[in-house]
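Novice: here is my input, please return the structure:
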Amino acid sequence: MPTNFSLSGELPNLPLINETAFAYQVGLGFTIPLSNTIKLDARYRYFATDVTVYNAF
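Specialist: The predicted structure follows:
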């Protein structure tokens, strides 16, 4: 069953949405040498955003 999708005409008028985000991250880590050629590495990263949405509705 073939399906054909086509768009005709113009796109609908959508409301303007302004979006602002503040992002931050904090990381830490450490390395433990197990031998001259092998190291054990552990890391952690925390990432967060604070999004504020202003809606035009």
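Novice: neighbours around the residue nearest to A21 when sequence neighbours are not counted, how many?
Specialist: Spatial nearest neighbour of A21, excluding adjacent residues (CB to CB, 6 or more residues apart in numbering): V51 at 4.6 Å. C-betas here are computed from N, CA, C, even on glycine. Neighbour count of V51, defined by other CB atoms under 10 Å: 9.
Novice: do the same with A23
Specialist: Using other CB under 10 Å, the number of residues around A23 comes to 9.
Novice: thought it was touching F47?
Specialist: Yes: A23 is in contact with F47 according to CB atoms under 8 Å; the separation is 7.2 Å.
Novice: circling back to that earlier point, could I get the average pLDDT for the host helix or strand of the residue nearest to A21?
Specialist: For V51, the host element (DSSP states H and E) is strand 39-54. For strand 39-54, the mean pLDDT works out to 86.
Novice: now do it: which elements does it pack against?
Specialist: strand 18-33 (3 or more CB pairs under 8 Å, 6 or more residues apart in numbering; DSSP states H and E).
Novice: next, the angle strand 39-54 makes with the strand it packs on.
Specialist: Here the directions of strand 18-33 and strand 39-54 differ by 170 degrees (axes from the mean of the first three to the mean of the last three CA atoms, to 10 degrees).
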